[in-house]
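1. here you go, sequence then predicted model.
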Amino acid sequence: MKTAKVIEDFECLSFADYLSLQKKKVETALHAWCESSKEKVFKAASYSLLLPSKRLRPLFCLETCKAFLGSEEKAIPAAMALEMVHTYSLIHDDLPAMDNDDLRRGKPTNHKVFGEATALLAGSALLTAAFEILSKADQVSAKVRVNWVRELSEAAGANGMVLGQDWDMSPPEDVTLDSLQSLHRKKTGALLAASVVMG
């Protein structure tokens with residue numbers, strides 16, 4: 001019965017409309033978090049978090065959940081956490097100490113708007129908020145919350161995304177196809193894979 005309802009809901013929308021609807025679920029949750037404080041660091045974090053985005057990681061999470069006939073509503077905290085960790089990495093990537101970028105998604109980068117110190121703190125706030133949201137997701141079992149935290153911390157940490165970022169900052173003199181693929185598996189692939197597992 002539930003499978004038939006999922007198929008019926010999907011068939012009445014174009015693919016673009018369906019993705020837009022799914023993104024809106026995540027956007028609504030992210031906006032609610034951004035509006036929970038008026039502090040400057042929240043404003044800086046919100047600036048980057050709410051920039052126009054494809055929201056691939058949250059969508060992978062929700063769609064995997066849906067494929068296994070799970071509750072999308074219960075997966076929203078995981079989807080939020082994934083997007084927060086992704087956004088934190090972009091804020092830090094853009095800093096002068098790393099890529100020193102002026103634009104992100106067509107808008108001035110966080111440190112260009114709020115200054116380097118606040119941008120650094122905004123990224124850190126998003127990273128820690130991601131795990132706070134997962135730990136407070138009492139609509140799922142404690143076992144699921146622990147698994148979420150384990151999966152996301154491993155994907156984002158020193159053996160995952162952070163390691164890929166480090167390799168990107170200090171590439172070997174002789175870049176090979178294998179080394180390039182390894183870099184992308186860590187820097188980008190680890191979090192994308194976590195999105196599916198968490199879903």
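-> Looks like it arrived, so ask away.
2. tell me which residues in stretch 129-138 are buried?
-> 129-131, 133-134, 137 (16 or more other C-beta atoms under 10 Å). Yep, even glycine has a C-beta here, placed from its N, CA and C like the rest.
3. what does stretch 104-112 give?
-> Result for stretch 104-112 [16+ other C-beta under 10 Å]: buried residues 104, 109-111.
4. which other helices and strands contact the top helix by length along the chain?
-> For the chain, the longest helix by residue count, based on DSSP state H, is helix 72-94. When contacts are defined as 3 or more C-beta pairs under 8 Å, 6 or more residues apart in numbering; DSSP states H and E, helix 72-94 sits against helix 15-34, helix 40-49, helix 56-67, helix 110-114, helix 116-135, helix 142-156, helix 161-169, helix 190-198.
5. for the first one, what is the average pLDDT?
-> Spelled out, it's helix 15-34. For helix 15-34, the mean pLDDT works out to 93.
6. re earlier: can you state the direction angle for the longest helix of the chain and helix 190-198?
-> 170 degrees (axes from the mean of the first three to the mean of the last three C-alpha atoms, to 10 degrees).
7. only C-alpha atoms, please: export helix 72-94 in PDB.
-> Output of helix 72-94 as PDB, limited to C-alpha atoms (Å, rounded to 0.1, in the frame of the first residue of the first chain):
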ATOM      1  CA  GLU A  72      11.400  11.200   5.100                       C
ATOM      2  CA  GLU A  73      10.300  13.300   8.000                       C
ATOM      3  CA  LYS A  74      12.600  11.300  10.300                       C
ATOM      4  CA  ALA A  75      15.500  11.600   7.800                       C
ATOM      5  CA  ILE A  76      15.300  15.500   7.700                       C
ATOM      6  CA  PRO A  77      17.800  15.900  10.600                       C
ATOM      7  CA  ALA A  78      20.300  13.800   8.700                       C
ATOM      8  CA  ALA A  79      19.700  15.800   5.500                       C
ATOM      9  CA  MET A  80      20.200  19.000   7.400                       C
ATOM     10  CA  ALA A  81      23.400  17.800   9.100                       C
ATOM     11  CA  LEU A  82      24.900  16.800   5.700                       C
ATOM     12  CA  GLU A  83      24.200  20.200   4.200                       C
ATOM     13  CA  MET A  84      25.600  22.000   7.200                       C
ATOM     14  CA  VAL A  85      28.900  20.000   7.100                       C
ATOM     15  CA  HIS A  86      29.100  20.600   3.300                       C
ATOM     16  CA  THR A  87      28.600  24.300   3.800                       C
ATOM     17  CA  TYR A  88      31.100  24.500   6.600                       C
ATOM     18  CA  SER A  89      33.700  22.900   4.300                       C
ATOM     19  CA  LEU A  90      32.900  25.500   1.600                       C
ATOM     20  CA  ILE A  91      33.300  28.400   4.000                       C
ATOM     21  CA  HIS A  92      36.700  27.100   5.200                       C
ATOM     22  CA  ASP A  93      37.800  26.200   1.600                       C
ATOM     23  CA  ASP A  94      37.200  29.800   0.500                       C
END
